[in-house]
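>>> When you get a sec, could you give me coordinates for this:
(2 chains)
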Amino acid sequence: MLNYFILVLAFLALFLLSFLPGLVELLRAKDPGPVSVDLDRDIDERYFSRAFNGYLSNSLAKAKPAIASDAISLQSALKTHNREVTVTMNRGPETVWIAGKSFKISSGTDYQHPLMVEGDLNVEDNAGVNAEVRVKKNCKTGTNCHFVSLYGGDIQLGKDNLITNWIDAEGVLEINNGCRIQGRATAGKTIMINGECSLKAMAAPMIKVAYKHEGLLPIEQEFAKLTEPQWSVDSDKLIMDYYNKVPIEEIGQQLERFLGVRIFYSSVLDRANQLELIDKALVLIEKEQKPEYIKAKAWLQSGEAIRVRGKLDIGDRKRLAADLIIEGDLKTGADVIFEGAVHVKGRADIGSGNFFNKSLIVKKETTLGENCFIRQVCDCQESIYIKSGSKIGTNGLGGLSSSRDIYIELGNLVQGKVFGTHEIKIVTKI
Amino acid sequence: MIIIGAILIVIFIIMTVYTARHYIFFWNRLFGKQRGSLQDMAGYYLPSVSILVPMRNEEAVAETILKRLVAMDYPKDNNQYEVIAIDDNSNDRTGLIIDTFAERYPFIKAVHRPDGGLGKSDALRVGTSLASNELIFVFDADYQPTRACIKRLTAPFLDPEVGLVMGRVIPINTTQSLMTRLLDLERSGGYQVDQQARHNLNLVPQYGGTVGGIRKNILQKLGGWDVNKLAEDTDITIRCYYNGWRVTYVNIAECYEESVLSWEERRKQLSRWAVGHNQCMLSHSSKVLKTPVLKWWQKLDGLLLLGVYMVPVLMLVGLLLSIVVYFFGAYWWWLLFAALLFTLAYNNAGNFASFNEVGVSVVLDKRGRMLWLLPWLLFNFFANIWICTGAFLKSLVIHSNNITGGGGDMSKLDGSIKWDKTEKDGLYNIDGNGSNGSRYPKKG
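Numbering: from 1, shown residues only, chains lettered A, B, ... in the order given. A predicted model of the protein is given here:
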């Protein structure tokens, strides 16, 4: 009997022991608060540079004059209105060099301290700063320069530059051939990429990916072909008069003569859709009847989307009016129009001149042919390959995202954001 | 005795499946591939949204939620963003607070329902009929969303397969009592691990009735909110699921909530959830099994989700039968089942999210000392067995008598199965001054 009693006591002791740490935490709480959440934090693609600028500004208010102890003295290097201060950065006390006016970093120079320039910054070839740089006005770098982080008004990166963290421009950020940006590239207005390079992510209302060299039109003219035409009351009237009466191509040719810019097939349909000219009857028919090009089993899901159980192969110049959920691969011919959003559980091989009025969401690899237009977002859980002439996003909203790599040929336009979990590679030819 | 043994074996198998499921979830959350929910594009897709806030006697918290929705980082021009604040037959100052905000902000619509008070789903039904936008989001009155919450919750709707989306709920009043600390643990496990893992594995994360949204078209095509269900959230989740619409969880769309403070409030809340959930289980299980759009493992997960409030009941039955078997059992292996059942009970049924899930969530949230409280969840475990068993019996009465009305007709039963509103004190609002600091005069 005593044995059982001891056994019960031992069990109870061990059982109650498991509650002891909890009791200690209740009596002397060290972790009593809720999961920490910043209720007021926004989504801000330029968060890193804004946070850095804010932090630096706050720190400078409390800064002390620094004791010069470096091999390269700022005074001897700059010879202008300059000073050195010690500020408390988030990694500890740090000497920040401040150039009161415009400033030049000579070729071959390698600075080790954060640098603030009140005017313009000009960096000669093979120079760099192994810390953050803040430029109040504009910044231009030579070939083979390197920085940790760089912020400025307009920034022009020369060839083969290396940014190991982030780069952010208030206005235009121009990136030239051979640059490697291992973090985010962001701009308040435009990012212009002029050659092969690699990045992690980029975000700006306008991202122009093109090639600028002899033999091609100036970059702005190149992109005039891709950007949205300036529609007018007269051009709208022309579309309304001829839509459904003459072929789309013919309307496009008339508009080209009328507006004096190149008009894409998809642009005409896009505008027709905005003018609510898309044939509603056709939309209904396509929703209620299975189109002949859908070979696999398909049905209308809750009256909202067509679900195709298998692969889908669509020929040239078809138009799909509803949202699509495709459980296999998607392959399209030229000039196919998707009025709704598209979800593909397999691969997507998109032909040239396709138009997506909403989004394209793909599970496996995605190849986008030439001159396509995706109004919203193209997202892929594997790599995306974008051939030249395509346009993604509208009015600064939309973009590209991939859980792996994104390959973009020169000659594309994105409005919004491009994010590759591994890397974004700008290439001449896929 | 043979029948008892057979029941025991069936319960053991069900418990084993649930346990395996929890272990798969926590393993996935720790070591598996974490699937995004188009969050890289959050803020780059801004469809028009209507936000429904049903309120009944919420004067303590109404001002806070409306302030948070006013501060939301979302374009508010051109009717792109509208807040529909529903005063559901309140007899306190809730209506006055709503009217004040509606006068000041054109995107806030005040809706008064003097004939309301029939439950949340009924208030949502009315709110939805007034909503003019593409997506409908729901926030309970005691919630405090982050400024980016709506942008984060709209991003998954870029995918046409997504019908429903759910964000993360985080208790804010953790310091108030042992109950709130334990509920904090439970919530962490449920969201940080369970919901995220189900999202990762392409199963069914549950829309929790708040901090979430649905496409208005789909909601209408599926028949709208079912006012006959006490758990309109589970109901719409499962209806979306077996109709082919994916439910997506967004862990980063965070929202603070006030947890209940007392065991009695907890009993009422859990009882309502369990009755509602069991209603859904009884009416939707066969549809989940028959649907052609789900794979077999997705159907299994749907059934396991529907049956989750049955786990404590089965556990109680199993434990009682184990005792019977121990004293009267004819075969030694029955004892083995009984012993295993007790082991699984500890591992599996605590708060419906197994203890390992809660532990992992605390680690992921970097709150190590909270782990010390893990054994204290045992109290919740026993409370859940008691409450859920009672709720199960009520569900059977409701189902067998075909009682309808989300709190209206149901209240005729005995007054305890009606819509039990959870009381909140509003002490943890964004201003930190609670309802006592309100500038609205007392009604009457």
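
>>> If you count contacts, what does the helix or strand where residue B:186 lies end up packed against?
Take DSSP states H and E as the rule and residue B:186 turns out to sit in helix B:178-188. Applying 3 or more CB pairs under 8 Å, 6 or more residues apart in numbering or on different chains; DSSP states H and E, we find helix B:178-188 packed against strand B:162-171, helix B:263-290, helix B:355-364, helix B:377-400. No exception for glycine: its C-beta is placed from N, CA and C like everyone else's.

>>> What is the burial count for residue 185?
Assuming you mean chain A. 29 (other CB atoms under 10 Å in any protein chain shown).

>>> I was after chain B.
For residue B:185, the tally of surrounding residues (other CB under 10 Å) stands at 27.

>>> For it, which residues are in contact?
B:351, B:358, B:361, B:362, B:370, B:373, B:374, B:377 (CB atoms under 8 Å, 6 or more residues apart in numbering or on different chains).

>>> switch to 7 Å and redo it
Listed by CB atoms under 7 Å, 6 or more residues apart in numbering or on different chains, the contact set of residue B:185 reads B:358, B:362, B:370, B:373, B:377.

>>> out of the residues you listed, which is most surrounded?
Counting neighbours by other CB under 10 Å, residue B:358 leads the contacts of residue B:185 with 29 neighbours.

>>> Which residue, other than its chain neighbours, is closest to it?
residue B:189 (3.5 Å; CB to CB, 6 or more residues apart in numbering or on different chains).

>>> For residue A:134, give me the pLDDT.
Note on residue A:134: pLDDT of 93.

>>> so it makes contact with residue A:150?
No - in this structure, residue A:134 is not within contact of residue A:150 by CB atoms under 7 Å, at 8.3 Å.

>>> neighbour-wise, which of those two wins?
residue A:150 (29 against 23).

>>> partners of the helix or strand where that one lies in the sheet?
Taking DSSP H and E as the criterion, residue A:150 maps to strand A:146-152. Applying DSSP bridges, strand A:146-152 is found paired with strand A:128-135 (parallel), strand A:162-163 (parallel), strand A:167-169 (parallel).

>>> Can you give the contact residues for it?
A:49, A:52-53, A:121, A:128-135, A:138-139, A:161-169.

>>> Restricted to buried residues, select those residues in PyMOL.
The following PyMOL line selects those of those that are buried, judged by 16 or more other CB atoms under 10 Å in any protein chain shown:
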select buried, chain A and resi 49+52+121+128+129+131+132+133+134+135+138+139+161+162+163+165+166+167+168+169
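
>>> following the host helix or strand of residue B:103, which helix or strand comes up?
Counting by DSSP H and E, the element that carries residue B:103 is helix B:94-104. Downstream of helix B:94-104, the next assigned helix or strand under DSSP H and E is strand B:108-112.

>>> check contacts around the residue in the stretch 51-200 of chain B that chain A sits nearest to.
Here the stretch 51-200 of chain B gets closest to chain A at one residue, residue B:160, 3.8 Å apart by CB to the nearest CB. Shown in contact with residue B:160 (CB under 7 Å, 6+ apart): A:305, A:323, A:325, A:340, A:341, A:342, A:343.

>>> circling back to that earlier point, tell me how far the residue nearest to residue B:358 lies from residue B:371.
Distance of residue B:189 to residue B:371, computed by CB to CB, to the nearest Å: 12 Å.

>>> which of the two has more neighbours?
Using other CB under 10 Å, the more surrounded residue of residue B:189 and residue B:371 is residue B:189, with 30 against 17.

>>> Columns mean pLDDT and distance to residue A:233 on top of the helices and strands packed on helix B:178-188, output as TSV?
Supplementary listing: the helices and strands packed on helix B:178-188 in TSV, determined by pLDDT from 0 to 100; distance: least, CB to CB, whole Å:
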stretch	mean pLDDT	distance to residue A:233
strand B:162-171	96	39
helix B:263-290	91	53
helix B:355-364	86	57
helix B:377-400	86	63
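
>>> can stretch A:1-13 be found next to chain B?
No - using CB under 7 Å from any CB of the partner chain, we find that stretch A:1-13 stays clear of chain B, coming within 12.9 Å at best.

>>> Using CSV, write out every CA atom in that stretch.
What follows is stretch A:1-13, C-alpha atoms only, in CSV (Å, rounded to 0.1, in the frame of the first residue of the first chain):
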residue,chain,number,x,y,z
MET,A,1,0.0,0.0,0.0
LEU,A,2,2.8,2.3,0.9
ASN,A,3,4.4,1.7,-2.4
TYR,A,4,1.3,2.8,-4.2
PHE,A,5,1.1,5.9,-2.0
ILE,A,6,4.7,6.8,-2.9
LEU,A,7,4.0,6.2,-6.6
VAL,A,8,1.0,8.5,-6.4
LEU,A,9,3.0,11.2,-4.6
ALA,A,10,5.8,11.0,-7.1
PHE,A,11,3.4,11.3,-10.0
LEU,A,12,1.7,14.3,-8.4
ALA,A,13,5.0,15.9,-7.7
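
>>> in the helix or strand hosting residue B:314, what's buried?
Using DSSP H and E, residue B:314 sits in helix B:311-328. By 16+ other CB under 10 Å, the buried positions in helix B:311-328 come out as B:311, B:312, B:313, B:314, B:315, B:316, B:318, B:321, B:322, B:325.

>>> try stretch A:97-113
For stretch A:97-113, by 16+ other CB under 10 Å, it's A:97, A:98, A:99, A:102, A:103, A:104, A:105, A:111, A:113.

>>> Mind jotting down where the helices sit in the stretch 1-150 of chain A?
Secondary structure of the stretch 1-150 of chain A (DSSP state H, counting those that start in this stretch): helices located at A:2-17, A:20-27, A:47-61, A:74-78.

>>> Buried residues, the first one. List them.
Buried residues in helix A:2-17, counted by 16+ other CB under 10 Å: none are found.

>>> for the record, mean pLDDT for the helix holding residue B:314?
83.

>>> Output the contacting helices and strands for it.
helix B:2-31, helix B:332-348, helix B:377-400 (3 or more CB pairs under 7 Å, 6 or more residues apart in numbering or on different chains; DSSP states H and E).

>>> what about that helix, distance to the chain center?
Distance of helix B:311-328 from the chain centroid (CA atoms, centre = their mean, to the nearest Å) equals 29 Å.

>>> Return the alpha-carbon coordinates of it using PDB.
The C-alpha coordinates for helix B:311-328 follow below in PDB (Å, rounded to 0.1, in the frame of the first residue of the first chain):
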ATOM      1  CA  VAL B 311     -12.700  16.200 -30.600                       C
ATOM      2  CA  PRO B 312     -13.300  17.100 -27.000                       C
ATOM      3  CA  VAL B 313     -16.500  15.100 -27.000                       C
ATOM      4  CA  LEU B 314     -14.900  12.100 -28.500                       C
ATOM      5  CA  MET B 315     -12.100  12.500 -26.000                       C
ATOM      6  CA  LEU B 316     -14.500  12.500 -23.100                       C
ATOM      7  CA  VAL B 317     -16.300   9.400 -24.400                       C
ATOM      8  CA  GLY B 318     -13.000   7.700 -25.100                       C
ATOM      9  CA  LEU B 319     -11.700   8.500 -21.600                       C
ATOM     10  CA  LEU B 320     -14.800   7.300 -19.900                       C
ATOM     11  CA  LEU B 321     -14.800   4.100 -22.000                       C
ATOM     12  CA  SER B 322     -11.200   3.600 -21.200                       C
ATOM     13  CA  ILE B 323     -12.000   3.500 -17.500                       C
ATOM     14  CA  VAL B 324     -14.800   1.000 -18.200                       C
ATOM     15  CA  VAL B 325     -12.400  -1.100 -20.200                       C
ATOM     16  CA  TYR B 326      -9.800  -0.900 -17.500                       C
ATOM     17  CA  PHE B 327     -12.100  -2.400 -14.900                       C
ATOM     18  CA  PHE B 328     -14.200  -4.700 -17.000                       C
END
